[in-house]
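Chemist: Predicted structure and sequence below. I'll ask about it afterward.
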Amino acid sequence: MSYRSVRLAEEIKRVVTDLMRTALRDPRISGMTSITGVDVSKDLRYAKIYISVLGTEEEQEKTIEGLQSAGGFIRSEMGKAIRLRYTPELSFTLDTSIQHSLKINKMLRDIIPDQDKELKD
C-alpha cells in the first residue's frame, strides 16, 4: 500500500467512526460496532470497510444491512470531510477475527485449565 492510500484509509476510518457515533440513527446498527480496518484500492476509488459487531449473528447481519443502506449518506458526508477528486465507493464487510480469536482462547483455556489457576496465584 502506498503512503497516500494508508493515510486515506485512516482518515476514512476516523470519519466513518464519527458518523456512526453521531449522525447514524438507524436502529439496525448495533451500538457495539467498531471499525477494525479499511482497505483502499490503488486508484483510491474503492474502500472496503471491515466492521466488527459484538452480538448475535442476527445483530451482525442487521448492522451490515443498516450500514449498506446508509452507504450513500456516509459517502456524501465523507466527501465533505475529506477533499478528494473522487470520493471512494464504500463496501462494508463483517470482520469475524475478534470472535475467532476469543473462540480459540476459550478452547485453549478448556484444554489447560490448571494454568489459569497458577497464573492467578
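Modeler: The structure has been received and is ready for your questions.
Chemist: so what's S52 up against?
Modeler: By Cβ atoms under 8 Å, 6 or more residues apart in numbering, the contact set of S52 is 33-36, 94-99. Where you see a C-beta, it was placed from the backbone N, CA and C, and this is true even at glycine.
Chemist: Go through those and flag which are in strands.
Modeler: Judged by DSSP state E, those include 33-36, 94 as members of strands.
Chemist: doesn't Y50 fall inside a strand?
Modeler: Yes: looking at Y50 with DSSP: H, G, I helix; E, B strand; the rest coil, it is inside a strand.
Chemist: Just give the nearest non-adjacent residue to it, would you?
Modeler: Setting aside the residues directly before and after it, Y50 is nearest to D95 in space (Cβ to Cβ, 6 or more residues apart in numbering), at 4.0 Å.
Chemist: Can you tell me how far that neighbour is from G37?
Modeler: Between D95 and G37 the distance is 7 Å, computed by Cβ to Cβ, to the nearest Å.
Chemist: same question, S91
Modeler: Counting by Cβ to Cβ, the gap from S91 to G37 is 13 Å.
Chemist: Am I right that D39 sits in a helix?
Modeler: No: D39: not assigned to a helix; according to three-state DSSP it is strand.
Chemist: tell me what the helix of greatest length in the chain is packed against?
Modeler: Secondary structure of the chain per DSSP state H: the longest helix is helix 3-22. Packing contacts for helix 3-22, counted by 3 or more Cβ pairs under 8 Å, 6 or more residues apart in numbering; DSSP states H and E, involve strand 33-40, strand 46-53, helix 71-81.
Chemist: Tell me the secondary structure at S101.
Modeler: Quick answer, by three-state DSSP: S101 is helix.
Chemist: Run a quick neighbour tally on M78.
Modeler: 19 (other Cβ atoms under 10 Å).
Chemist: which ones are touching it?
Modeler: Contacts of M78 (Cβ under 8 Å, 6+ apart): 12, 15-16, 19, 87-88, 90.
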